[in-house]
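A.B. asks: What follows is a predicted protein model with its sequence.
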Amino acid sequence: MISSKLPKMFYGGDYNPEQWDHETQLEDLRMFKLAGIDIATINVFSWALIQPDEVTYHFEELDQYINNLYESGIYTCLATSTAAHPAWMAKKYPDVLRVDTNGRKRKFGGRHNSCPNSPTYRKYSEKIADKLAERYKDHPAVLVWHVSNEYSDDCYCDNCEKAFRVWLKERYQTLDQVNKAWNTNFWGHTFYEWDEIVLPSNLSEHSGNNSSTFQGISLDYSRFNSDSILACYRLEYDAIKKHIPDSVVTTNLMGFYKPLDYFKWAKHMDIISWDSYPGLATPVSYTAMAHDLMRGLKDGQPFMLMEQTPSQQNWQPYNSLKRPGVMRLWSYQSVAHGADTIMFFQLRRSIGACEKYHGAVIEHVGHENTRVFREVAELGKELQLLGNKTLDATVDAKVAIVFDWENWWAIEKSSGPTVALNYVDQIHKYYAAFFRRNIQVDIISVDMDINKYDIVLAPVLYMVKPGFATKLEKFVEAGGTFLTTFFSGIVNESDIVTTGGYPGELRKLLGIWVEEIDALLPEQKNSIILKEAFGDLQGEYGCGMLCDLLHSEGAEIIAEYGDDFYKGMPVVTRNTFGQGEAWYVASDPEDRFLDGLLGQLAANKNIDSLLDTPEGVEVTARTKDGQQYLFVMNHNATAQSYDLGKGEAHDLLTDRPLSGMIEIEGRGVQLLEMK
Amino acid sequence: MISSKLPKMFYGGDYNPEQWDHETQLEDLRMFKLAGIDIATINVFSWALIQPDEVTYHFEELDQYINNLYESGIYTCLATSTAAHPAWMAKKYPDVLRVDTNGRKRKFGGRHNSCPNSPTYRKYSEKIADKLAERYKDHPAVLVWHVSNEYSDDCYCDNCEKAFRVWLKERYQTLDQVNKAWNTNFWGHTFYEWDEIVLPSNLSEHSGNNSSTFQGISLDYSRFNSDSILACYRLEYDAIKKHIPDSVVTTNLMGFYKPLDYFKWAKHMDIISWDSYPGLATPVSYTAMAHDLMRGLKDGQPFMLMEQTPSQQNWQPYNSLKRPGVMRLWSYQSVAHGADTIMFFQLRRSIGACEKYHGAVIEHVGHENTRVFREVAELGKELQLLGNKTLDATVDAKVAIVFDWENWWAIEKSSGPTVALNYVDQIHKYYAAFFRRNIQVDIISVDMDINKYDIVLAPVLYMVKPGFATKLEKFVEAGGTFLTTFFSGIVNESDIVTTGGYPGELRKLLGIWVEEIDALLPEQKNSIILKEAFGDLQGEYGCGMLCDLLHSEGAEIIAEYGDDFYKGMPVVTRNTFGQGEAWYVASDPEDRFLDGLLGQLAANKNIDSLLDTPEGVEVTARTKDGQQYLFVMNHNATAQSYDLGKGEAHDLLTDRPLSGMIEIEGRGVQLLEMK
Amino acid sequence: MISSKLPKMFYGGDYNPEQWDHETQLEDLRMFKLAGIDIATINVFSWALIQPDEVTYHFEELDQYINNLYESGIYTCLATSTAAHPAWMAKKYPDVLRVDTNGRKRKFGGRHNSCPNSPTYRKYSEKIADKLAERYKDHPAVLVWHVSNEYSDDCYCDNCEKAFRVWLKERYQTLDQVNKAWNTNFWGHTFYEWDEIVLPSNLSEHSGNNSSTFQGISLDYSRFNSDSILACYRLEYDAIKKHIPDSVVTTNLMGFYKPLDYFKWAKHMDIISWDSYPGLATPVSYTAMAHDLMRGLKDGQPFMLMEQTPSQQNWQPYNSLKRPGVMRLWSYQSVAHGADTIMFFQLRRSIGACEKYHGAVIEHVGHENTRVFREVAELGKELQLLGNKTLDATVDAKVAIVFDWENWWAIEKSSGPTVALNYVDQIHKYYAAFFRRNIQVDIISVDMDINKYDIVLAPVLYMVKPGFATKLEKFVEAGGTFLTTFFSGIVNESDIVTTGGYPGELRKLLGIWVEEIDALLPEQKNSIILKEAFGDLQGEYGCGMLCDLLHSEGAEIIAEYGDDFYKGMPVVTRNTFGQGEAWYVASDPEDRFLDGLLGQLAANKNIDSLLDTPEGVEVTARTKDGQQYLFVMNHNATAQSYDLGKGEAHDLLTDRPLSGMIEIEGRGVQLLEMK
């Protein structure tokens, strides 16, 4: 069994006592108790306070915060405070300031403002982590270490440029290898000396985020930038571990955050933690998928929900309130997908600067008689009753979807065939079809073991990394079901096309050859016409965006295009390969088609829905010590009903037995211990 | 009685003789006479001509222009020419060139191009004003001094940065005070030395005009920038006054121009002057409100309409012609709201550079046989007949709307709750409801006396400055009617939230507590449901954008929300406070609701419409020596009628008596001397 | 007869053997033969490969490529490789790197990246052209020289700034002349020293592409920039000519490419060549017009189609495949308008960097069994059968449309009256009306002879250059028909307004005076009401965007406005002038109106349609040795029919006689040798 590293299911969040006077801090402690809060993340942005100059460190206040909290029964998640460098540092050592993609040297301000290759930043961020760990290594209150905060963005300064060349030397050894990997004979880019290489930016190869004239260097810059920031994290990580080898160290991630390859990062984190901020228009299935990605980062290990808002955000264009019940519903949704903590940003609202209109457990009014506080306190009470029943419980999915950051970077830096292709949206389309059926999915990397799954999907597997095609072939040969889509198998890990016919290394497995790729205008459509019924699928379905013009080389043609000059060419194929099947979906279909297709693939593998529920009622399962817990979550505003069939359950949240037809209130949650 | 400082009602505008040969100048004089023009603003952009190097000044040509005009009966409004520095100055002293918010040092070009903290600019702009005043102090033609031109924009250079720190020291004395005012414990921004503070720009705290991560520093920068530019103005002002203590000195303002706090500026201006350029889509009520703001700057003193176009503009996307009659109509509208001059940009169209497609009294064709010239000349004749009857006349409003620049800056730099909130649009919504009823309004600052009004409105009074809440309380206690809206009473003048419950310092006066603020998507709506009829108001009205979730703490609930989870919560409240009432409108209502609400509030105070007129027929009054003059202005293209009732009037423009039902032609104007 | 300089009609395209191994190169040769390819453009981007440092040159590989191709019967179009400088050069001599309009110094990357006034770039680009010419001067394979590639963009570095001042001295001799030409008395811009002048950029007079505060300097910068880049071209041109006086030297142009004044360039090119890349939404008439512009650059001389894609592009947002038959159809369209070669970008698809998803004759699959290759090979076969029948054939148009780059720059940098005015779109509107009638048009410059035409149109002739008005008067006097539109005759070549009444120098010829110009919102319309029927025109037609308010000064009023306060004023006029007529269209009419108007103007001059065909079936004629060849091109997807009437023809593509009603298949082409 996987252990989550946490002794209990924590409830709490970010707290900034340094912004308040002593009296208010005491009032906070009183209210935390009312709310059932038992963990506080502190010291997130206190670097300037703790270290007023190069040599001085003041930990006295921090000591008090930790002690006071601990005496009130609240553990500390201790941040290292390095997400914003002090102003004095920026003045004295401008190398800590970033340069943006337009070549503009930043000045002091904001946060996430440090160059990851700044010698000064690396020196002092490591040092403060070291000092914190040394000081609190034996403090019983400090249970989790929170390095920096929401690492992000990029830098294009001279230090980064030099570091990039060193990184390249390590990756490629010789310039010949670089020239080959980047295909520099194109547009006369041959490099003869390492220092001829400059960072790709809006001053050189780029014009905006998704545009590059040389994908090879852009891709390597993305890798380098993610690695550079990871190196900063690791310096702090190691500094903490030096003093406390068994500490639990994390940093708060941000779901599908493009610049950082979290699968690579996860290897250096003791537990995953993340900040979940769905917008007004975010589908609940998308939030679910993000949770599953976070769970997938460490191969199924439970994670911390480090931040969510109790009510509203401030940085959306329109910051809607979470409707009554929604905070609780979404809290359970995170647990349903693997969270072992429920934490908020923020415990008390700040009064100045840009986050003062971000929701908090304690609002500006300062007392507990608010809707928001009541909902937080009620959930706190409920969680205390629930205890650690679901702590460390796992998710047993038979379906996996492959997600790959480098593939993401490569697809969206591609010049052609269409600007409409959004990798995460494609992943989500396939994910959502399972979500709608209450079939659980793991989100996995290309490095992970796929043999434990019955079905593996890799939508838009544009980049095929060394060995992955073979791995897929073995999986299918042994009986697995594999599915991929248009614009797959095109390039290697340097974004160099695999010649000899698309989908390159996947051609044999899929039994097809893609001759051409047509891009449609947003308003243009084609159609998918089933040759014969497949499960519930029959007749015609819409598709669009990209249409591969392909030929079967052994694959069975399941459906054909209904339109245009390639009407009658295959659009969906199935290739029997060993004991298994490899599917290809050559265009971007409407959801209704995916519901039918993926439903039937699951049925063929005897993968059942956890429960059959009305639209908008989500069900997931976590299992611990052989006991299955079903989370039933009604995302609708109105009550719904579902049939438990022959099963019998106990609702842990109401402590009542349930069976037969069950009603669940609008935005309600039921946590069923199955008999 | 307030005196406007002007001996007569002037008619004229900007004139650039330096762009023309002598023959053309003579032709100009002939045509000015035809048009009844008696004032010309000259020397607006002649700095480079007058001062070809650091030590040389040539005033001979200017002498001639002034003399020639004077001999033709035309007075001079003498500009100081400092709105565009000479090219030689930019080359020799690059400190005059601005740096923009993206850190880009400007090069010579455009106008409004001087850094307000440039020592060079300050030295030479003061000097040329000094020299001009010295030379023309006794010239009988020079009646008004026009410093620079349309001061605007901002600068982020090192000189400004240093000056900002000096400004901060003056405001706060200590860094501790700065850290507190800006809440720098948020995001670790603590400053230990003054020179750690950098200007907030797109390189530090900002990302675009309405986005800041630290509102406190942004707000102070806005103050500092307005003050810096004002300091430039004052240097010239003082230089002129040194030679001509009784001179009339102004600079042309731009209505609701965000970067400059005109209430602060007005204290240093002898008379307000402004440039009115409504766009194709500008409502006439908006123009009216801008005039009223200009009149309000010096507490009701008449102002100069320094610029308007006789026909079309050049810098709009689509530069429509003013329809026949519209120039006259809008000229009278400015007088109706307090203008004591009618002036144009420009008297003769230039032939090169960016304003050559801006309308002018004398068009490119060069003769008087044009529609535009004819309309100008007809108005000139009419004004001569009218004489000084309305000169120095005042407006006696019983309603005031509070407008505050710092509040504007703070609201729109706020991060959350919605990007849809536009302060001036909110002011305009309330203004327009009175406008539609022909009830006059003063636009006032928070510093002005409010006790002379019956009704005071302060829509979106987000920032409550020291003492203002008490002032409002006293006003209401004494019987006044006060109204404010959602997102009011939130912060102090440093944008620090007043804790203890919104609307902070206004809570007692309003008798409510706002618990939460919901932001709606643009397409979302809620509704206002009257509990019982109030005046003409009954039933249901639409509202949106922001919805306060509030509780009465004594206030009477006039209307409730009709929708969403806060259906039934108060949305409009009235609190009886002493002898008066304090109203709160918790969401953004449709105009129809405001018509009813404000109409009834006025009725309750016995404030009547000046005249009851059809839609689009505006009426204002100016009073002089006890005589009321009614301006009736038909903004419709077609004739309309209105009933003068028992009143009798004399139309000064046609010299005819009027009574009973009166017809007013499309785009017509009537100026009624009431009996 | 005009000679095209080419010995035969070539078929081929861009080829980059340096990106491939020897085996692939051999395979290429085999496939080129299959496709009927007989020319390859090579060495386009090999500078870095050929010249690895300042002193070394390696031509051995290039020798081999040329020889191998030649031995396979393929001629070389030899590029000079200077469109992208080597990385070592950028490192060692940063002066080769451009500075953009925002003042950002570029770093190495992309292409078209060299400053045109960089001493380093000029030195080394001339040198490599010299070396190439010296080496291959006697090589029988090298038939065409291709200097650089798609010259483009602009630079704002210090070297350019200095060169601009030199350029200005040459143009104006004195600063007084500059001050006058730019009207610097406006906004105090007087220059006293040459080095006070800075380049107009986003740091000085500009804010974006179509915005300037000083049109005069902007216009001169556009001229200067075009000249600077032309100077680079000419250095290479001269270097080649030094060794090979009778060489055929070109550079590939880009149709309506705004920054470069191709009429000026054409004087220094031995043959015009261009790259045709219609987008998904480009009308076929627009492509036709671009071909006609290219033909017009050298007064009717045939040109090279240097690049087109065989299938799809990569840099459009949505890169649709060319439908079956479209590549052939558009190839013939280019020949139909004057092309004497059909060439592709690219012969083999690259595997890395930004053009790997651009179509190619040989796709990534690498073999000949693709739709694209088959279509290319079929066309190759067809062209071989056709031989040189149309080589050097000319187009005899009786209608000319004047197009002027400087006018384009001036119109779109204008501040007012409307942002909606797009010069090329206006040219296209008038062109398309002839296109729809199968009446051929020459696109000519203001310098060319107009007396050979019956009808000359100059839509939006905003800028009237010295002598052009007189030239037009002579043309009309002698019986010609001239037509121009709103916003014509306004300025001279320095963008200085011609005073005395619009349309300035054209006023006498047109017999009108334009008093005002009204700009309409996009959603606003006016109408054109015919006073009596004119040809097919009668009744009412829509118009908009700009509406001149004009008076006849002798011109006959053909139509009047139907709306607004200028209802009844003239909107279309005809002035009899000598033996001819001068027409004025005062607003932007709907296409239907132009069809009628231009149709009747043509009829009056006995200019007939080449053939009467259904919509979408285009017909052009080329004539050689007295033999007329009609190209009939069906741009519809479905078959159409047309009547050859009494004519008899031989279809050269099918080698069949044709007469009477003829069917042409969807996307079909017929090449009729007329009897």
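C.D. replies: Alright, I've got the coordinates.
A.B. asks: any idea where the strands of the stretch 201-350 of chain A begin and end?
C.D. replies: Using DSSP state E, counting those that start in this stretch, the strands of the stretch 201-350 of chain A run over A:249-250, A:252-253, A:273-275, A:303-307, A:339-344.
A.B. asks: and of those, who's closest to C:K107?
C.D. replies: Closest to C:K107 of those is strand A:252-253 (CB to CB; 32.0 Å). Using the backbone N, CA and C atoms, a C-beta is placed for each residue, glycine as well.
A.B. asks: In three-state terms, how would the closest residue to chain C within the stretch 1-150 of chain A be classified?
C.D. replies: The stretch 1-150 of chain A approaches chain C most closely through A:G103 (5.7 Å), counting by CB to the nearest CB. Recorded secondary structure, A:G103: coil (DSSP: H, G, I helix; E, B strand; the rest coil).
A.B. asks: which residues sit in contact with the nearest residue to it once chain neighbours are set aside?
C.D. replies: Here the nearest residue to A:G103 in space, its sequence neighbours aside, is A:L203; by CB to CB, 6 or more residues apart in numbering or on different chains that works out to 5.1 Å. The contact partners of A:L203, by CB atoms under 8 Å, 6 or more residues apart in numbering or on different chains, come to A:T101, A:N102, A:G103, A:Y156, C:R104, C:K105, C:R106, C:K107, C:G109.
A.B. asks: does A:S125 really touch A:E236, like I thought?
C.D. replies: Yes: contact criterion CB atoms under 8 Å: A:S125 and A:E236 qualify, at 6.0 Å.
A.B. asks: residues shared between the contacts of those two?
C.D. replies: Counting by CB under 8 Å, 6+ apart, the residues touching both A:S125 and A:E236 are A:T80, A:T82, A:S148.
A.B. asks: ok, how many other residues are close to the last one?
C.D. replies: Looking back up the chat, that one is A:S148. 25 (other CB atoms under 10 Å in any protein chain shown).
A.B. asks: I'd like the next helix or strand past the helix or strand bottoming out on mean pLDDT in chain A.
C.D. replies: The helix or strand of chain A with the lowest confidence, counting by mean pLDDT, DSSP states H and E, is strand A:640-651 at a mean of 94. Sequence-wise, the next helix or strand downstream of strand A:640-651 (DSSP states H and E) is strand A:656-664.
A.B. asks: what about dumping the CA coordinates of that next one to CSV?
C.D. replies: Extracted in CSV, the C-alpha atoms of strand A:656-664 (Å, rounded to 0.1, in the frame of the first residue of the first chain):
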residue,chain,number,x,y,z
ARG,A,656,-27.0,6.2,7.8
PRO,A,657,-27.5,3.0,5.9
LEU,A,658,-28.4,3.4,2.2
SER,A,659,-29.9,1.0,-0.3
GLY,A,660,-32.1,0.9,-3.3
MET,A,661,-33.1,4.2,-4.9
ILE,A,662,-31.3,7.0,-3.3
GLU,A,663,-31.9,10.7,-3.4
ILE,A,664,-29.0,13.1,-3.3
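A.B. asks: Can you point out the buried residues in that strand?
C.D. replies: A:L658, A:I662, A:I664 (16 or more other CB atoms under 10 Å in any protein chain shown).
A.B. asks: Phi, psi for the nearest residue to A:L630 once chain neighbours are set aside please.
C.D. replies: Of all residues not flanking A:L630 in the chain, A:L672 sits nearest, at 4.1 Å (CB to CB, 6+ apart). Dihedral pair for A:L672: phi -100, psi 120, per degrees, to the nearest 10.
A.B. asks: ok, for the residue nearest to the spatial centre of chain A, nearest residue in space, not its chain neighbours?
C.D. replies: Centroid-nearest residue in chain A, with CA atoms, centre = their mean: A:G255, separated by 2.5 Å. Once flanking residues are discounted, A:G255 sits nearest to A:A290: 3.8 Å by CB to CB, 6+ apart.
A.B. asks: Could you check how many residues crowd around that neighbour?
C.D. replies: 25.
A.B. asks: The top helix by length along chain A - contacts with which helices or strands?
C.D. replies: Criterion DSSP state H: the longest helix present in chain A is helix A:215-243. Using 3 or more CB pairs under 8 Å, 6 or more residues apart in numbering or on different chains; DSSP states H and E, the elements in contact with helix A:215-243 are helix A:119-136, helix A:158-172, strand A:249-250, helix A:262-266, helix A:405-413.
A.B. asks: Need those in a markdown table (columns: distance to C:K525).
C.D. replies: Below are those laid out as a markdown table (distance: least, CB to CB, whole Å):
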| stretch | distance to C:K525 |
| --- | --- |
| helix A:119-136 | 61 |
| helix A:158-172 | 56 |
| strand A:249-250 | 63 |
| helix A:262-266 | 56 |
| helix A:405-413 | 42 |
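A.B. asks: ok so, going back, average pLDDT for the longest helix of chain A?
C.D. replies: The predicted model assigns helix A:215-243 a mean pLDDT of 98.
A.B. asks: beta partners for A:L658?
C.D. replies: A:A649 (DSSP bridges).
A.B. asks: distance of it from B:W513?
C.D. replies: 41 Å (CB to CB, to the nearest Å).
A.B. asks: and what of A:S207?
C.D. replies: A:S207 is 52 Å from B:W513, where distance means CB to CB.
A.B. asks: Show me which of those two is the more surrounded one.
C.D. replies: Ranked by neighbour count (other CB under 10 Å), A:S207 and B:W513 place B:W513 first, with 19 against 14.
A.B. asks: quick one: pLDDT of that one?
C.D. replies: For B:W513, the predicted pLDDT is 98.
A.B. asks: swap in the one 3 residues further on?
C.D. replies: Model confidence at B:E516, expressed as pLDDT, equals 98.
A.B. asks: for the closest residue to it other than its chain neighbours, helix, strand, or coil?
C.D. replies: Distance criterion CB to CB, 6+ apart; nearest residue to B:E516, sequence neighbours excluded, is B:L549 at 4.2 Å. Here B:L549 is recorded as strand under three-state DSSP.
A.B. asks: Tell me which other helices or strands the helix or strand encompassing A:R574 touches.
C.D. replies: According to DSSP H and E, A:R574 maps onto strand A:570-577. For strand A:570-577, the packing partners by 3+ CB pairs under 8 Å, 6+ apart come out as helix A:468-477, helix A:507-510, strand A:512-519, strand A:526-530, strand A:540-552, strand A:556-561, strand A:580-585.
A.B. asks: Let's see that with 7 Å instead.
C.D. replies: If you count contacts as 3 or more CB pairs under 7 Å, 6 or more residues apart in numbering or on different chains; DSSP states H and E, strand A:570-577 packs onto helix A:507-510, strand A:540-552, strand A:556-561, strand A:580-585.
A.B. asks: Give me the buried positions along the longest one.
C.D. replies: This means strand A:540-552. For strand A:540-552, using 16+ other CB under 10 Å, the buried residues are A:Y541, A:G542, A:C543, A:G544, A:M545, A:L546, A:C547, A:D548, A:L549, A:L550, A:S552.
A.B. asks: Please identify which of those is nearest to A:H58.
C.D. replies: Out of the buried residues of strand A:540-552, the member with the shortest distance to A:H58 (by CB to CB) is A:M545, at 57.0 Å.
A.B. asks: show me the residues around that closest one that make contact.
C.D. replies: For A:M545, the residues meeting the contact criterion (CB atoms under 7 Å, 6 or more residues apart in numbering or on different chains) are A:T418, A:A420, A:L421, A:L520, A:D588.
A.B. asks: Now do the closest residue to it other than its chain neighbours against A:L461, distance only.
C.D. replies: Distances taken as CB to CB, 6+ apart place A:D588 nearest to A:M545, at 4.0 Å, with adjacent residues excluded. Separation of A:D588 from A:L461 (CB to CB): 15 Å.
A.B. asks: which non-adjacent residue is nearest A:M463?
C.D. replies: A:N407 (4.5 Å).
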